[in-house]
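**Student:** Got a sequence here, can you model it:
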Amino acid sequence: MKQYLSLREQYPRFAYRGYETEENGSELRITYRFETMGLSEFAPVWVFPKADGDSCRWSEDRLMQDMIFSLGMVELVSYWKIACPPEVIVEAGYLNQDQTDWWKDLYFNGLGEFFYVNGIEEADPNHFMDIRCGVRRTGLSAEGGPETDKEGEAPGVSAVHSASQVSGGVLVPIGGGKDSAVTLELMWLAGKTVYAYIINPRGATIHTTEVAGLDADHVINVRRTLDANMLELNRQGYLNGHTPFSALVAFSSIIAARMHGLSMVALSNESSANESTVQGTTVNHQYSKSFKFEEDFHYYQTTYLKGSAYYFSMLRPLSEFQIARFFAGQKQYHGIFRSCNAGSKTDSWCGHCPKCLFVYLILSPFLKPQEVRDIFGRNMLDDWDMKETLDQLIGIEEEKPFECVGSRDEINTAIVLTIKGLEEAGEALPCLLSYYKTTDLYQTFRTRGDQYSSYYDGNNLVPDDLAGLVRKYCADGL
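**Tutor:** I've put the predicted structure just below:
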């Protein structure tokens with residue numbers, strides 16, 4: 001892409017200058033400093049609330065400094081992508097070669113959709129970015145606080161760590177959709193003390209915690225503010241696109257867990273997130289929700305952020321099909337959950353986008369037709385304008401929509417079961433399902449049958465006691 005090459009030539013260097021922390025009795029505020037040299041400076045902000053009675057000085061905690069620096073390493077890619085400078089200078093802290101390689105791998109895979117959608121074929125994992133550290137191993141990092149020793153563990157245990165009592169509590173990031181609601185309910189069944197983690201609260205995330213019965217003391221609301229200069233450059237037509245947001249969730253959630261003394265962070269990413277969005281490639285809209293990233297993050301934690309909360313996805317062994325089946329029984333959430341990006345600002349389902357159609361399809365085998373219509377306010381399966389989107393979801397088109405949707409096979413399975421249920425009830429098929437019956441996929445998946453009700457993916461990091469619970473309530477069809 002000409003713009004990509006031109007911008008890289010015009011703006012060859014990007015810098016992670018450092019970060020500043022401010023804290024009082026109620027919150028920890030972090031301001032990051034980035035710069036695309038010759039173009040613009042950026043200062044995004046994160047604000048983390050403190051627990052009641054927290055008298056710790058988190059800015060003096062060695063592990064916290066390492067986690068804050070690492071969160072900045074994720075945040076920087078949102079600003080780097082504006083011009084994609086070939087050289088990234090890290091002045092905020094030290095990275096060894098293993099860490100440098102780890103971050104380049106995250107950036108390249110996490111930007112797979114960005115490169116693909118923008119037609120950037122020139123990007124390759126070895127040359128799209130060169131990361132150079134601007135500080136030495138010993139001493140203090142530039143504006144970023146103390147560094148770690150060679151193993152990534154802070155030299156000495158800080159007074160802050162010993163003062164903060166680590167409990168068996170679990171932090172559950174809440175997105176407002178069905179998946180995190182399922183994780184909350186499974187954690188209740190496990191008897192865990194649950195805390196919700198929300199970045200920039202909105203209607204659906206707040207309502208989810210309310211329905212789950214969490215009081216204000218068990219909801220951690222974090223604020224993330226994007227820099228206005230980046231938004232202005234986006235408006236001017238500089239490069240823009242998808243970045244690995246779930247990696248931000250990962251690194252920020254362990255900060256929140258440390259501040260609130262919690263031992264685990266339980267995500268709600270399922271095995272379906274491993275499937276590529278574009279068939280025959282590694283381009284995956286959900287890369288930072290994939291098991292590869294989960295494993296990579298676990299490695300980074302245990303090597304360079306020792307003492308941070310155990311991070312795993314509770315739903316990793318499951319398919320979206322099983323999650324939808326369990327969620328169908330949690331009717332208390334049906335009126336308040338939202339997964340539609342188009343309707344996120346108005347806390348609504350738009351009823352016309354790929355995410356809406358996917359959720360409609362995956363719930364349809366497990367709810368009465370009127371129940372699904374009540375959730376979305378319309379019958380999406382009788383909307384012929386959604387045919388092209390359906391073709392993308394079921395695999396007739398090479399690309400799935402660039403949304404967090406399930407695998408092609410489980411969507412086809414859900415459709416076949418929905419058709420079977422409607423026909424057995426003597427109901428007429430809506431137009432999209434009548435169309436689907438004319439495709440080869442209908443015969444294929446009707447013959448194949450339901451392969452997901454007892455599905456269980458052994459590639460997961462779920463602790464043994466919780467894995468048994470996931471099997472019992474989701475994989476064994478109860």
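**Student:** what's the spacing between residue 361 and residue 230?
**Tutor:** Distance, residue 361 to residue 230, by C-beta to C-beta, to the nearest Å: 35 Å. Glycine gets a C-beta too; all of them are placed from N, C-alpha and C.
**Student:** Looks like residue 325 contacts residue 366 (just checking).
**Tutor:** Yes - if you go by C-beta atoms under 8 Å, residue 325 and residue 366 touch, sitting 5.1 Å apart.
**Student:** In terms of neighbours, single out the busier of those two.
**Tutor:** More neighbours surround residue 325 than the other of residue 325 and residue 366, with 22 against 19 (other C-beta atoms under 10 Å).
**Student:** part of a strand, is the more buried one?
**Tutor:** No - read with DSSP: H, G, I helix; E, B strand; the rest coil, residue 325 is helix and lies in no strand.
**Student:** What segments of the stretch 51-200 of the chain are strands?
**Tutor:** Ranges of strands within the stretch 51-200 of the chain are 87-90, 130-133, 140-141, 145-146, 167-173, 194-199, based on DSSP state E, counting those that start in this stretch.
**Student:** Out of those, which one sits most buried?
**Tutor:** Each of those was scored by mean neighbour count; the highest is strand 194-199, a mean of 22, by mean count of other C-beta atoms under 10 Å.
**Student:** name the helices or strands packed onto it?
**Tutor:** strand 167-173, helix 178-189, helix 203-211, strand 219-225, helix 245-259 (3 or more C-beta pairs under 8 Å, 6 or more residues apart in numbering; DSSP states H and E).
**Student:** ok so, going back, could the strands of the stretch 51-200 of the chain be laid out in JSON lines, adding mean pLDDT?
**Tutor:** Below are these laid out as JSON lines (pLDDT from 0 to 100):
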{"stretch": "strand 87-90", "mean pLDDT": "98"}
{"stretch": "strand 130-133", "mean pLDDT": "96"}
{"stretch": "strand 140-141", "mean pLDDT": "37"}
{"stretch": "strand 145-146", "mean pLDDT": "38"}
{"stretch": "strand 167-173", "mean pLDDT": "89"}
{"stretch": "strand 194-199", "mean pLDDT": "98"}
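**Student:** Nearest approach to residue 302 belongs to which of the ones you listed?
**Tutor:** strand 167-173 (18.0 Å; C-beta to C-beta).
**Student:** Name the strands paired with that closest one and say parallel or antiparallel.
**Tutor:** Sheet partners assigned to strand 167-173 using DSSP bridges are listed as strand 194-199 (parallel), strand 262-267 (parallel).
**Student:** what's next to the first one, contact-wise?
**Tutor:** The set of residues that contact strand 194-199 without belonging to it, under C-beta atoms under 8 Å, 6 or more residues apart in numbering, is 169-174, 184, 187-188, 205-206, 208-209, 212, 214, 218-224, 248-249, 252-253, 256, 260, 262, 265.
**Student:** just the last one next, same as before
**Tutor:** Counting contacts by C-beta under 8 Å, 6+ apart, the residues outside strand 262-267 that touch it are 166-173, 183, 187, 195, 197, 246, 249-250, 253-254, 256-257, 289, 294, 309-315, 463.
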